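Enquirer: take a look and give me a structure for this.
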Amino acid sequence: MKALLLGLALAACALGAQAQENTLTAAERAAGWKLLFDGRTTEGWRGFKAPAPDPGWTVKDGTLGPDPKTSKDIITRETFGDFELAFDWKISPKGNSGVMFRVVEEGDQTYFSGPEYQVLDNSRGEPPLERAGALYGLYPPSRDVTRPVGEFNQSRIVLRGGKGEHWLNGVKVVEYDLDSPEFKAKVAGTKFKAWPQFARSRSGHIALQNHGDHVAYRNIKIRPLD
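Expert: Down below sits the predicted model:
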């Protein structure tokens with residue numbers, strides 16, 4: 001009987017822990033956080049230059065992810081200026097994805113305007129500027145703190161004015177200033193120089209990228225700092 005009761009208690013704990021995914025605590029609600037993904041639907045998201053989310057993006061087991069072969073990027077219906085964004089991600093072996101911010105619907109792709117927090121299995125062997133946690137192509141992470149493929153990583157982007165921070169699994173790995181001469185010089189030396197709208201908008205959409213690999217997102221939440 002004791003073993004049975006213990007088993008039931010453990011099962012209840014497991015269900016309780018699972019129920020906490022894709023929700024907000026009372027403290028988070030009081031602090032101004034809001035969910036961007038409820039764990040059940042794609043409500044709050046749409047396609048880039050499209051009124052509805054790409055149908056390849058589906059919800060499975062409380063995570064949001066694309067069909068790598070067919071999906072296009074999706075963006076939030078709302079726009080955000082200064083914010084703190086938190087999200088968990090799990091990537092497939094050798095997989096690649098990204099989260100863009102301050103995206104505007106100019107140009108042909110979300111990354112024409114939105115800087116990217118890189119989501120990656122670092123065993124792909126990408127150069128430092130393209131590793132997990134990087135401001136893609138511009139600022140490398142200070143170190144690799146990713147978890148093994150198949151496990152969820154916890155990420156945060158904090159953006160106030162032009163000043164940004166990237167956090168990965170509790171470690172701040174990148175800092176930058178979008179308004180600084182240094183940032184502008186870096187952009188001038190990359191492919192981004194071809195897109196005059198890149199990193200120029202003071203507000204925009206959050207975008208989830210389909211880069212042709214399996215990726216799962218959960219616990220996507222944002223706290224506006226305007």
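Enquirer: can we go C-alpha only for contacts and neighbour counts from here?
Expert: OK.
Enquirer: Glu130 contacts Tyr136, correct?
Expert: Yes. Here Glu130 reaches Tyr136: they are 5.3 Å apart, a contact under Cα atoms under 8 Å.
Enquirer: quick one: common contacting residues for these two?
Expert: In terms of Cα atoms under 8 Å, 6 or more residues apart in numbering, Glu130 and Tyr136 are both contacted by the residues Gln118.
Enquirer: center of this structure - which residue?
Expert: Nearest to the mean C-alpha position of the chain, by Cα atoms, centre = their mean, lies Val99 at 3.9 Å.
Enquirer: what residues sit buried inside the helix or strand hosting that one?
Expert: Using DSSP states H and E, Val99 falls within strand 96-103. Buried residues in strand 96-103, defined by neighbour count with 16 or more other Cα atoms under 10 Å: 96-103.
Enquirer: the helix or strand that that strand is followed by to strand 96-103, inter-axis angle?
Expert: Downstream of strand 96-103, the first helix or strand assigned by DSSP H and E is strand 116-120. If you take axes from the mean of the first three to the mean of the last three Cα atoms, to 10 degrees, strand 116-120 sits at 170 degrees to strand 96-103.
Enquirer: thinking again about what came up before, residues making contact with the strand holding Val99?
Expert: Under the contact criterion Cα under 8 Å, 6+ apart, strand 96-103 has outside partners 79-81, 91, 110-111, 113-121, 199, 201-213, 215.
Enquirer: report the buried members of those.
Expert: 80-81, 91, 110-111, 113-121, 199, 203-213, 215.
Enquirer: what's the farthest-apart pair in the buried residues of strand 96-103?
Expert: Of all pairs drawn from the buried residues of strand 96-103, the one with the longest distance (Cα to Cα) is Asn96 and Arg102, at 20.4 Å.
Enquirer: could you pull out the strands for the protein?
Expert: 34-35, 45-47, 58-60, 63-65, 74-76, 83-91, 96-103, 116-120, 153-160, 163-168, 171-177, 205-208, 215-224 (DSSP state E).
Enquirer: Thr190 is nearest to which of those?
Expert: strand 116-120 (13.8 Å).
Enquirer: so where's this protein uncertain?
Expert: 1-19 (pLDDT under 70).
Enquirer: wait, what's in contact with Ala52?
Expert: 45-46.
Enquirer: cool, and Val158?
Expert: 82-85, 164-166.
Enquirer: count the neighbours of Glu151 for me.
Expert: For Glu151, the neighbour count with other Cα atoms under 10 Å is 13.
Enquirer: count the residues that sit near the closest residue to it other than its chain neighbours.
Expert: Nearest in space to Glu151, with sequence neighbours left out and distances taken as Cα to Cα, 6 or more residues apart in numbering, is Lys90 at 5.9 Å. Using other Cα under 10 Å, Lys90 is surrounded by 25 other residues.
Enquirer: Lys90 and Val103, how far apart?
Expert: Between Lys90 and Val103 the distance is 23 Å, computed by Cα to Cα, to the nearest Å.
Enquirer: still on that earlier bit, mind listing the strands the strand holding Val99 pairs with, and their directions?
Expert: Using DSSP bridges, strand 96-103 pairs in its sheet with strand 116-120 (antiparallel), strand 205-208 (antiparallel).
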